[in-house]
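J.: sharing a sequence plus its predicted fold:
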Amino acid sequence: MKRKEIRKNKRRSSRRSTKRQFVPPRTLEEFFAMPDRDQEFWSNVGQAVTEVRAGASLRQASHKFDLDQRRIPQAARSALRKLRNGRWVARPNDRLLRVLVIPTRNGLREIGVPDFRQASLLGKYWTAVEQYRDTGDASALREFRGKHIIDAKREEIPVADRSPCIGPSGFSGSSFLRVTLREGGVMRKKLPQRDPESAWVRSATAARRFGVGAQCACGETRPEAFVPNSNPVICAACDRARRGKTTVDNHHDAGRANSPITTPIPVNDHRAVLNTAQYDWPKATLENSTGSPLLARAACVRGFVDTNAYLVDKLLLPHAEFCELLDSMLAEKLGPEWWLNTDLEQFAPNARPTSRREPK
Ligand SMILES: [Zn+2]
């Protein structure tokens, strides 16, 4: 009895001490070997330190990432310095492992980045990607040609070293595009994309903000539907519902510049499907800055095609799948011609009016 008690106490005290002594991970493998809770804690510490380096106080940074203020200097001692006045500041560089997403020629990949310098180089690359995405200007992207990031194991990881718009078609065929971009299953029978490489850049950029495989508590997985910088990640629909706001947007089918016509669309689909589809339009058509009547008409055609494809996917296709499933269930239960001698017989494609029907 007594021995049991002692053992119990021992276990409890050891558990307490492991909680107190957090060991920072140094490699990607060590990071992923940690419990989820510790992974999240460590990711938040890295972001908080970056925030302090940008000028925030430790209190502000800890509040932003929902951390106990005292635990940040404990876990990231090498990254921070306490001034005489008690204020914590960040050192110019740090050696904190950050797990970041990097685009490579084979799609997105998570790597362990060993210090702030490498992390900020990767950040600059992503900024160049975003500039290309938003303006079509690939000049900043071209500066990264042939460059690489050094990971925590001192390996050189080449970034996607050419402008994805002129890049190999391997980009669009990357498993990332297939798995992540359309994981939500919406627009399964989607129209071919006009510019799959740009779509990849956009989606990669969105995924970078939240990490590969991020998911809202409701199951939403499309990064375009997530609230930017939310942590833990939350989708726009859940966020609005929580704040008592409407979860439906009025989508400008042809773009605001081209027509006042709108269609109410659930916010997540508005962002992840229809707005995303509009990125594939020629920029001049969507923005129509000169007010051209010709471009406005082009936009109406494109908008109708997109909205129609969305409605087809949402309102029609699921019912076809339902009918097919029900047919096979009925055939299994009642035989392959389950409709014979029932009221449903009149709906069979070869049915004749019952009265004139001749016996076989
Ligand atoms: Zn959600």
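T.: Yes, it's here.

J.: and the helices in the stretch 151-300 of the chain?
T.: Counting by DSSP state H, counting those that start in this stretch, the stretch 151-300 of the chain forms helices over residues 175-176, 196-210, 236-242, 267-269, 276-279, 283-287, 293-311, given from the N-terminal end onward.

J.: and the ones you listed as TSV, adding distance to the ion, mean pLDDT and mean neighbour count?
T.: C-beta: built from backbone N, CA, C; applies to glycine. Shown next, in TSV, are the helices of the stretch 151-300 of the chain (distance: least, CB to the ion, whole Å; pLDDT from 0 to 100; neighbours: other CB atoms under 10 Å):
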stretch	distance to the ion	mean pLDDT	mean neighbour count
helix 175-176	22	30	16
helix 196-210	12	61	22
helix 236-242	3	95	18
helix 267-269	7	96	23
helix 276-279	17	86	20
helix 283-287	28	90	17
helix 293-311	19	96	17
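
J.: list just the one of those helices that sits closest to Asn229.
T.: Closest approach to Asn229 among the helices of the stretch 151-300 of the chain (CB to CB): helix 196-210, 7.0 Å.

J.: returning to what we had before: dump the helices of the stretch 151-300 of the chain to JSON lines, plus distance to Gly46.
T.: Compiled in JSON lines, the helices of the stretch 151-300 of the chain are given as follows (distance: least, CB to CB, whole Å):
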{"stretch": "helix 175-176", "distance to Gly46": "23"}
{"stretch": "helix 196-210", "distance to Gly46": "14"}
{"stretch": "helix 236-242", "distance to Gly46": "24"}
{"stretch": "helix 267-269", "distance to Gly46": "28"}
{"stretch": "helix 276-279", "distance to Gly46": "29"}
{"stretch": "helix 283-287", "distance to Gly46": "36"}
{"stretch": "helix 293-311", "distance to Gly46": "38"}
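
J.: nearest to Asn85, of these?
T.: Between Asn85 and the helices of the stretch 151-300 of the chain, the shortest gap by CB to CB is with helix 196-210, which sits at 34.7 Å.

J.: quickly note the distance from Ser97 to Pro103.
T.: For residue 97 the amino acid is Leu, not Ser. Taken as CB to CB, to the nearest Å, the spacing of Leu97 relative to Pro103 amounts to 20 Å.

J.: which intervals of this structure have sub-threshold pLDDT?
T.: Counting by pLDDT under 70, the chain contains low-confidence ranges at 1-20, 104-108, 130, 133-134, 160-209, 211-212, 352-360.

J.: per-domain residue ranges of it.
T.: In terms of domains, the chain is parsed into 18-90, 98-206, 247-360 (source: automatic domain parsing).

J.: distance of Leu344 from Ala351?
T.: In this structure, Leu344 and Ala351 are separated by 9 Å, where distance is defined by CB to CB.

J.: so which bits of the stretch 101-250 of the chain are right by the ion?
T.: Within the stretch 101-250 of the chain, the positions adjacent to the ion are 216, 218, 220, 235, 238 by CB under 5 Å from the ion.

J.: how about the first one, nearest residue that isn't a chain neighbour?
T.: This means Cys216. Nearest non-adjacent residue to Cys216, counting by CB to CB, 6 or more residues apart in numbering: Cys235, 4.0 Å away.
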